[in-house]
Structure formats: structure tokens, C-alpha cells
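Trainee: what follows is a predicted protein model with its sequence.
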Amino acid sequence: MSVNNEFDNLVRLGDYITQRREKNDNLDVPIRGVTNSGFIPPKQLDADTSLYNVFYKNDFVFNPARMELNSISLNLEYEQAICSSLYEIFYVNNTEELLPEYLNLFIKRDEFARFCWYDAIGSARNYFRVANLQEILFPLLDIDIQKELVDTYNGLKALAEQNEALITPLTEACQAYIVDCKKKHPEVELGGYIEEVKTINIARKCTFLRGVGNQGFIDPRQQRTNESLNKCTIFHKGDLVYNPSVLFAGAIALNSDFDEAICTEEYVVFHSKDAKILLPEFIFLWLKRKEMGRYFWFSNMDSVRNRIYFEDTCKIGIPLPPPEVQQAIVDIYNCAQEAKKIAKEAREKMKNLCPALVQRAING
């Protein structure tokens, strides 16, 4: 790999890895493919596995035709498994000097994927093979420092996985309690508890323009000129904003972050008349359900532009449990959102950490 030779800690990777060439001998073990996200079940279930290759724990398995996509994975899951003969396998032959997990940090970088793409261009089929990998100059650190870097990465990985494991059960519990509210508490018409917000940005004092997608607030797809901002609607914390054209797809957001922002005049903005009686978060959870998405899709088919306007939203029925019950459901939802946020941040830090750790290795 094109790294400056002035660094003393660079070694030829081929001196530390060995290609594995072991064919399947009717083993009853998992069959796996490889993507840039890890191992996956095979796409072809009836293949002749007698030609498949065997790999073991701490082996690297990769697709030589997809290395520009970083389709390589370090096996930390299976004691023994097999993969297509199209894949190539190698392992670290001296783990006292090079940890497989540290080598994995070096490999799982966008820079490495770009190098594989560049290096494979001259081959007959643009393949990047073990032979190419062996010629790479690699920053080899003291084994204790390798362990430190790997522990840092694994700590973030564990944090991401632990929080990801919480998201589904918390979300399902939240939805289950909402459904239970339908059975135990009276249903009221939403229009009696909400009012539309029509504060227009006439003086163009606010310029923070937001759009709404099915994941919440987003950057606007088209920036407006200052002259056209006076048509936008101002909204504040606690307000709900939705796109009337794609509400069926979940394009609604509750503003919990911005003191003040604006949206285009096409959006609908409303809030709870009395948050002590009907929490805006509870309204949001009710309208965000998949069942409501199907209802919106069905009910707007006969409208001229297939839109759900504020008057349509007012006709929706919603259960009205006591505020403390609403808050308990909202708290569960917030826990799920917090877990999702922590997991996302950890994954992003993991992605940024790999090149940072390798740079530290190169710089000594």
C-alpha cells in the first residue's frame, strides 16, 4: 500500500499472513458468504459444497472481485465454516506479533477499499487477491499497543451492539401499551384536543428551514430565497409538523429540539391545546403507527391531490388514558430513541476510529 517508507514500523504484510487452501470434506458446518457488513447466509442453497473452502475462527474471508466494496470479514463467530471456492481465505501466522483484530482495523477502512480498487485495475478481471495483499507495507506496532487499540474499538462495538439489542424490545413494548390503551381507555376525536399553527414568517425573522421525512426533520431538498421565506410557517418546541402528501409513509415529526424553526407553507403544523391532558409525544406515537399509515393511505385516495389536511387529522380517534399512563408510554419510547442514538453514534465513531488508529500506528 502506498505508504511512505520513511516510517520504521512498516513491514511486508506477506511475512505475517498465510493463505488457507483447505477444501470441504463433507463437513456439517455453516455455509457463509461475505459482504462489507460481515458474514451472510448463502444465496444459492443447492450448490455443490464439495468444492467449497474451509475457514476457521480468526481467519479472514474475502471476495476478490468485490474488495473495492470492502467485502472482507474477520471470522470471530464460527469455530469452523465453509464458503464458496470463489472466496479467498488467509490467517495471521504469528499472533504474538500481529493481532488479527488489529489487522482488521487496518483493512476495514475506506482508504483500504480504494487502494484495492486501484491495485486491481490492471488484473484480467479486476481481482484483488491474497498475493496482492501480501505486498502491502503495513504499520506494525508493539503488541501491547495493538491490544490497546483493539480494546478501544471493541468497547465502542459492544456499546453499539448492547444498545441495538434494546431498540426492538423497547419499541415493541411501546406499541403494545398503545394498543392496550385502545382497549382500556375511552376514544376521543383528536380535533377536540389540538389546534393548527398558522404563524407566518412575514418579517423573515426566522431562516432555519426544515423539511420532514419518515425519520423526522431533515434538511430541505430545495433552499428558498430570503424573499420567499415570508410564506413559511413558524413552529416551536412541542409542535407537530407533517407533510400532507406523504403522511401515509410516516412523514411526521415532533419538534423536541428547536426553539424556533420554519417549514414550507405546504406542511401542516399543529400542537396540543393542553399538554397536561394530551401529551404531544403521545399524539405523535399514535399518528406514527403503521396502522395509521395504512389509514392515511386509504382515506386520501379520493382526495384531489391525495393529501391529508388538518381537518382530516381532526377526525381521527385517539384513546385518552390518564397523563401518567401517557407519560409512561412516552418514557419507553424515549428510551428506545436514546438507545438508537447511542448505537448510531458508536457506529459512526467506530467508522472514524479505524483510520485514526491506523494513522497513529503509522506516525508511531
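Mentor: Alright, I've got the coordinates.

Trainee: make it CA atoms for all contacts and neighbour counts henceforth
Mentor: OK.

Trainee: neighbours of Ile17, how many?
Mentor: 20 (other CA atoms under 10 Å).

Trainee: kindly report the same for Ile329.
Mentor: 21.

Trainee: pretty sure it sits in a strand.
Mentor: No: read with DSSP: H, G, I helix; E, B strand; the rest coil, Ile329 is helix and lies in no strand.

Trainee: how close does the spatially closest residue to Val92 that is not a sequence neighbour sit to Tyr242?
Mentor: Distances taken as CA to CA, 6 or more residues apart in numbering put Ile17 closest to Val92, at 4.4 Å, once the chain neighbours are dropped. Here Ile17 is placed at a distance of 55 Å from Tyr242 (CA to CA, to the nearest Å).

Trainee: now the residue nearest to Val92: phi and psi?
Mentor: Here is the backbone geometry of Ile17 (degrees, to the nearest 10): phi -130, psi 150.

Trainee: residues contacting it?
Mentor: Contact analysis of Ile17 by CA atoms under 8 Å, 6 or more residues apart in numbering lists 90-94, 134.

Trainee: and Lys276, how many neighbours does it have?
Mentor: Applying other CA under 10 Å, we find 11 residues neighbouring Lys276.

Trainee: show me the contacts for the closest residue to it other than its chain neighbours.
Mentor: Excluding the flanking residues, the one nearest Lys276 by CA to CA, 6+ apart is Pro323, at 6.6 Å. By CA under 8 Å, 6+ apart, the contact set of Pro323 is 276-279.

Trainee: can you pull the pLDDT of Pro323?
Mentor: On pLDDT, Pro323 comes in at 96.

Trainee: next: the one 10 residues further on.
Mentor: At Tyr333, the predicted lDDT confidence score is 96.

Trainee: all strands of the stretch 201-350 of the chain, in order?
Mentor: Under the criterion DSSP state E, counting those that start in this stretch, the stretch 201-350 of the chain carries strands at the ranges 211-213, 216-218, 233-236, 240-242, 252-254, 260-263, 268-272, 317-319.

Trainee: related to what we said a few turns ago, which one of the contacts of Ile17 is nearest to Glu101?
Mentor: Glu101 lies nearest to Val92 out of these, by CA to CA, at 10.0 Å.

Trainee: how close does the closest one get to Phe60?
Mentor: For Val92, the distance to Phe60 - CA to CA - is 9 Å.

Trainee: now swap in Val268 and tell me
Mentor: For Val268, the distance to Phe60 - CA to CA - is 52 Å.

Trainee: now swap in Leu69 and tell me
Mentor: Leu69 is 15 Å from Phe60, by CA to CA.

Trainee: higher neighbour count, those two?
Mentor: Taking other CA under 10 Å, Leu69 and Phe60 do not tie; Phe60 has more neighbours (23 against 16).

Trainee: show me where the stretch 201-350 of the chain has its helices.
Mentor: Per DSSP state H, counting those that start in this stretch, the stretch 201-350 of the chain carries helices over the ranges 280-287, 290-299, 310-314, 323-363.

Trainee: list the buried residues of the third one.
Mentor: Think helix 310-314. Going by neighbour count (16 or more other CA atoms under 10 Å), the buried part of helix 310-314 is 310, 313-314.

Trainee: what of the second one?
Mentor: Buried residues in helix 290-299, defined by neighbour count with 16+ other CA under 10 Å: 292-293, 296-297.

Trainee: tell me the one of those residues nearest Thr199?
Mentor: Taking those together and measuring to Thr199 by CA to CA, the closest member is Phe296, at 25.6 Å.

Trainee: what sits against the closest one?
Mentor: By CA under 8 Å, 6+ apart, the contact list for Phe296 reads 247-248, 308.

Trainee: neighbours around the closest residue to Lys273 other than its chain neighbours, how many?
Mentor: Nearest non-adjacent residue to Lys273, counting by CA to CA, 6+ apart: Ile194, 5.1 Å away. Using other CA under 10 Å, Ile194 is surrounded by 20 other residues.
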